[in-house]
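Asks: prediction below, plus the sequence it came from.
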Amino acid sequence: MTAKADYVRAHAPAGAFGHTCHWPGCAAEVPPAMWGCKAHWYRLPFALRQRIWRAYEPGQEITKRPSAQYLAVAKDVEAWIAANAAPDLFASAPPAPQPAADQDHHTAHRGAFEREDG
């Protein structure tokens, strides 16, 4: 495993990578030899991280031909995220609606706190 770790470290220079974290909604750029950003990698259970690591073959990010085992693990990871992960607080969200130019801050938000029945 040391050779694999050395390969990944050697292919993780600083700079733009053009490859993003595999966590849904994460736009963090990571080296292509890595599954995802550090924050999302460590949100995965240890057993899934081990399976990804074992299935990863150095160079698959270059050939674009991951093994069937790696693809199976990737599906299991996606299923785990969908079933277990809370929504990502840092994912991109649509911008909040802005009040009309003729409303002040208090007028724009007052309706949200008023009861409809009186």
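Replies: Received the coordinates, thanks. Since the structure is predicted, the reported quantities are computational estimates derived from the model, not experimental observations. Residues are numbered from 1 along each chain as shown.
Asks: and the pLDDT at Ala14?
Replies: Looking at Ala14, its pLDDT stands at 51.
Asks: so that it lines up with my notes, have the first residue be 4 from now on.
Replies: Will do, 4 is the new start, and the previous item becomes Ala17.
Asks: now Gly21, nearest residue through space, not along the chain?
Replies: Counting by CB to CB, 6 or more residues apart in numbering, Glu32 is the residue found nearest to Gly21 once chain neighbours are left out, at 7.2 Å. The C-beta positions use only the backbone N, C-alpha and C, and glycine is treated the same way.
Asks: and for Glu64?
Replies: Taking CB to CB, 6+ apart as the measure, Glu64 lies nearest to Pro35, with 3.8 Å between them; neighbours along the chain are not counted.
Asks: burial measure for the one you found, as a count.
Replies: Pro35 has 16 neighbours, counted by other CB atoms under 10 Å.
Asks: I figured it was touching Thr23, is that so?
Replies: No. Here Pro35 lies out of contact with Thr23, judged by CB atoms under 8 Å, at a distance of 9.9 Å.
Asks: and Gly21, how many residues sit next to it?
Replies: When counting by other CB under 10 Å, one arrives at 6 neighbours for Gly21.
Asks: tell me the secondary structure at it.
Replies: State at Gly21, reduced to three classes by DSSP: H, G, I helix; E, B strand; the rest coil: coil.
Asks: could you report the pLDDT at it?
Replies: pLDDT recorded at Gly21 is 76.
Asks: that one contacts Pro34, doesn't it?
Replies: No. Checked against CB under 8 Å, the pair Gly21 and Pro34 is beyond contact range at 10.0 Å.
Asks: tell me how far Thr66 lies from Pro35.
Replies: 11 Å (CB to CB, to the nearest Å).
Asks: what of Arg12?
Replies: Using CB to CB, which is the criterion applied here, Arg12 is 13 Å from Pro35.
Asks: Thr5 now?
Replies: 21 Å.
Asks: got it, and Lys7?
Replies: Taking CB to CB as the measure, Lys7 and Pro35 are separated by 15 Å.
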